[in-house]
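Enquirer: Dropping a prediction and its sequence here:
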Amino acid sequence: MSKVIAFTLWLFVSACVLLIITLPVSLQTHLIATAISLALLATIKSLNGKGAWRLIGLGFGTAIVLRYVYWRTTSTLPPVNQLENFIPGFLLYLAEMYSVVMLALSLVIVSMPLPSRKGRPGSPGYVPTVDVFVPTYNEDAELLANTLAAAKNMDYPADRFTVWLLDDGGTVQKRNAPNGLEAQAATRRHAELQKLCADLGVNYLTRERNVHAKAGNLNNGLDHSTGELVTVFDADHAPARDFLLETVGYFEEDPRLFLVQTPHFFVNPDPIERNLRTFETMPSENEMFYGIIQRGLDKWNGAFFCGSAAVLRREALKETDGFSGVSITEDCETALALHSRGWNSLYVDKPLIAGLQPATFTSFIGQRSRWAQGMMQILIFRQPLFRRGLSFPQRLCYMSSTLFWLFPFPRTIFLFAPLFYLFFDLQIFVASGGEFLAYTAAYMLVNLMIQNFLYGSFRWPWISELYEYVQTVHLLPAVVSVLFNPSKPTFKVTAKDESISEARLSEISRPFFVIFFVLVIAMIFAIYRIYAEPYKADVTLVVGGWNLLNIIFAGCALGVVSERGEKSASRRITVKRRCELQLQEDGPWLPATVQNVSVHGMLINIFEKDLDVVEKGRPAIIRVDPYSPGAPSSMTIDIVRTVKQQGFTSVGCTFAPKENIEHRLIADLIFANSEQWTEFQRARRGNPGLIRGTITFMGIALFQTQRGLFYFMRSFRTRARQKAAAGVAK
């Protein structure tokens, strides 16, 4: 009876809202109503309204959006008989409606997300057997050594979990490849990784042929293992010691639980963060997804497998014959298949792994292209909206996750729509300048306010738009290709642990400069038309303002594709572990502290005032009390530099492991403590608000435009010198 009453009340309220937004009112009345709604939304947001107040605030914003949709649909489309205006005008309308649909799906999913789970579940006696899979294809042995060592260091009974390296780079097919060099490389890799696994106590497994990419590799692991649960870590995702303790217990509470997913935390910035210098001061792009969207999906039992940092139930995987491999995003596809069979998922909002992001803009785009194409394959082949077995909210969750990757289409239209008017005088939007400002400006403002209300601490104003713009240029052809040929995309491994020795323009930067200069020319046209056609000045001013906003994004993107020189992709992590250091053979053990550490080395503070400067390159030995049983307590390091400080001496050093087992101590130093990832995230989270966030973004965009143009001019001078040198050589 209560559900019937609630549904009836919802119908009544919806009818009232539809009646209000379709009332024929004057422009003045619309402005007054909009101003009141915006004021109420802003008041509730500033007071950090929760629960019902949060929904009320979002309701006021939604009313403005719906009023805009009604006006846009009924009053602004060009006549159908003017095809030169109607076609681009209708494409713009579709782009806007896509944005409205995605906003609606966001409101359903994250308007009231689940709070983060607290405490470890499960009883002390619940210790199911776990197989830990680390799939690899072409990653370096050193990178794999740290991940495998961290997995072996996990706090879980040693006889209840087994670590497997699933090597797709040393298959029989690759070792017998027709190309002799490739075959030799695969053979060397096979032998090297076998020894690494033997030294670390890890099971090495490869297969006959590289079939079905990562999904096929994981399924081969399933065929050769027997654990009740399966944990998957990407080759560059090293777990903290408490990973299994924080996740496994949930499977005892729910026998129909197939997945416990945790966030992907990264110790290095993505190329956008690195080139904009925002990694330590602004929430990372992935935090919006892992910080709030996954919690929203979790509310509707729609949190999905993200390919790594997750635990799955073997019994559930048997129902789908293992990991799905129709698309190149086997993770989301597998979750969709199991959700539709009535299995449940769960999301634990605590970073328990540390991974690496692509360091170059090219690798970043390659990774996102794979995600976009894979999600389009799921949309086409699996059709989540009509998938049997899914609840209606689950259908909406999967539609939101897949439809999101269509953003290159509306972004492209929003980018070039002003040019239709400025260059060709096409009337693709039938409205006066005043109406445009009254309706469209209010819609854009409320859209920003709703996003800031929903994601404020996880995504600052305008940053999502920048990320979408810089991806659109190269993702658009990738998405188009999969729409025309859904079976064409193949799985490609994303390059990790790269480095950029010298500052340079990205090799795929040219389109961004072309677009920027076209938009600047369009701005000149706008200024000219304001003076030449004063009777159209109101419309030209509005369209020119729209084009100016596009220039701001395009200019900021120039900084994104201007790669800063950096020797290593790794970042130092503050750990503060007590240790002892022996600088000479049979010398005294000096008390010290490990101040910070990276995957390549560490900084040690020695509390000796009168310590002599240590010769660069000299080997030393560090002794630490490890957290992980089985990890060695000492290892060899190489001194890189020493710096006298007030009361102590700082020693920079690099790791120089003589045995593979020493990687367990390296992993213990870097990855053991998951709390350090949480503290780092908290330090850069904070809602700057719409005004301060906009000012911050404008400052970043202005600086990055100048930096991008500087790199552009420098590249011209460099090419000119190279041509001159080539001419002299001839």
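Expert: The structure has been received and is ready for your questions.
Enquirer: For whichever helix in the chain runs longest, give the mean pLDDT please.
Expert: For the chain, the helix that runs over the most residues, judged by DSSP state H, is helix 689-729. The average of the pLDDT scores along helix 689-729 is 84.
Enquirer: again, but for stretch 322-331
Expert: For stretch 322-331, mean pLDDT is 90.
Enquirer: The chain should start at 49 in everything you say after this.
Expert: Sounds good: first residue 49 from here, last item stretch 370-379.
Enquirer: thinking again about what came up before, and the longest helix of the chain, how far out from the chain middle?
Expert: Centroid separation between helix 737-777 and its chain, computed with C-alpha atoms, centre = their mean, to the nearest Å, is 25 Å.
Enquirer: Which residue ranges make up each domain of the chain?
Expert: 178-405, 623-722 (automatic domain parsing).
Enquirer: counting contacts, what elements does the longest helix of the chain pack onto?
Expert: helix 319-324, helix 490-503, strand 552-553, helix 558-580, helix 585-608, strand 610-611 (3 or more C-beta pairs under 8 Å, 6 or more residues apart in numbering; DSSP states H and E). In short, each C-beta sits where N, CA and C put it, glycine included.
Enquirer: For residue 676, find the nearest of those.
Expert: Closest approach to residue 676 among the helices and strands packed on helix 737-777 is made by helix 319-324 (30.9 Å; C-beta to C-beta).
Enquirer: and that closest one, how far out from the chain's middle?
Expert: 13 Å.
Enquirer: now stretch 702-716
Expert: 30 Å.
Enquirer: Pick the most deeply packed of the domains of the chain.
Expert: The highest mean neighbour count among the domains of the chain, using mean count of other C-beta atoms under 10 Å, belongs to domain 178-405: a mean of 21.
Enquirer: one step back: quick one, which of the helices and strands packed on helix 737-777 gets closest to residue 192.
Expert: helix 319-324 (23.5 Å).
Enquirer: So which elements touch that closest one?
Expert: Against helix 319-324 (3+ C-beta pairs under 8 Å, 6+ apart) you get helix 409-425, helix 511-532, helix 585-608, strand 610-611, helix 737-777.
Enquirer: ok, now which ones touch residue 604?
Expert: Contacts for residue 604 (C-beta atoms under 8 Å, 6 or more residues apart in numbering) come out as 324, 514, 745, 748-749, 752-753.
Enquirer: Kindly indicate which of those lies nearest residue 424.
Expert: Using C-beta to C-beta, the contacts of residue 604 come closest to residue 424 at residue 514, 22.7 Å.
Enquirer: and the gap between that closest one and residue 605?
Expert: 7 Å (C-beta to C-beta, to the nearest Å).
Enquirer: Give me the more crowded residue out of these two.
Expert: Counting neighbours by other C-beta atoms under 10 Å for residue 514 and for residue 605 shows that residue 605 has the greater number, 26 against 21.
Enquirer: ok, the spatially most central residue of the chain - contacts?
Expert: Residue closest to the average C-alpha location in the chain (C-alpha atoms, centre = their mean): residue 334, at 3.3 Å. Applying C-beta under 8 Å, 6+ apart, we find residue 334 in contact with 311-312, 314.
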